[in-house]
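Peer 1: just to be clear, the model below is a prediction. Sequence and coordinates:
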Amino acid sequence: MAALLTVHASRYLAVAVIVGNAALALWAFRAHVGGRRTLGAAFWTVLLAVAALTVVQAASGAVLALGGARPRTALHFLYGGLVVAGAVAQVGLRPGGFLRPALHNPGAAGPSAFALLCLTQAALVGRAFTTGAWGR
């Protein structure tokens, strides 16, 4: 359990996910401002890598919770669930993603939508980290 706690509470892992999402938000915003309607393969590769780091953090937290460990405040569970939902949306709304066919207008999941989604995800991960680490 101690090894899982080390992974889940890793400041480096949290910062990597926050910075990764912030960089993706900036990338998508610049594509939107530049008038591009799509994002390139490199963007989607980085997005999947950041989502994989999110899965590592969320999975380690879920195993800890199932094992009886509790954060300083139960609000951490809310933010953790929102982070997982955000990661599912990021992966599911990419081209070829499982959520894309459900959109009435697939073009709506363009650079501006991903800029907002990634920025929100960065904020949620930061907030989840602070509620877990400091209970605030």
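Peer 2: Right, received. Where do you want to start?

Peer 1: pLDDT score for residue 136?
Peer 2: Looking at residue 136, its pLDDT is 68.

Peer 1: ok, now residue 5?
Peer 2: Looking at residue 5, its pLDDT is 82.

Peer 1: surely it and residue 65 touch.
Peer 2: No. Counting by C-beta atoms under 8 Å, residue 5 sits too far from residue 65 to count as a contact (11.3 Å). Placement of C-beta: from N, CA and C, glycine included.

Peer 1: need the residues touching each of these two.
Peer 2: Common neighbours of residue 5 and residue 65 (criterion: C-beta atoms under 8 Å, 6 or more residues apart in numbering): none identified.

Peer 1: how about the closest residue to residue 92 other than its chain neighbours, phi and psi?
Peer 2: Once flanking residues are discounted, residue 92 sits nearest to residue 99: 3.2 Å by C-beta to C-beta, 6 or more residues apart in numbering. Backbone torsions for residue 99, taken as degrees, to the nearest 10, come to phi -90, psi -20.

Peer 1: with residue 72 instead?
Peer 2: Per-residue torsions, residue 72: phi -70, psi -30 (degrees, to the nearest 10).
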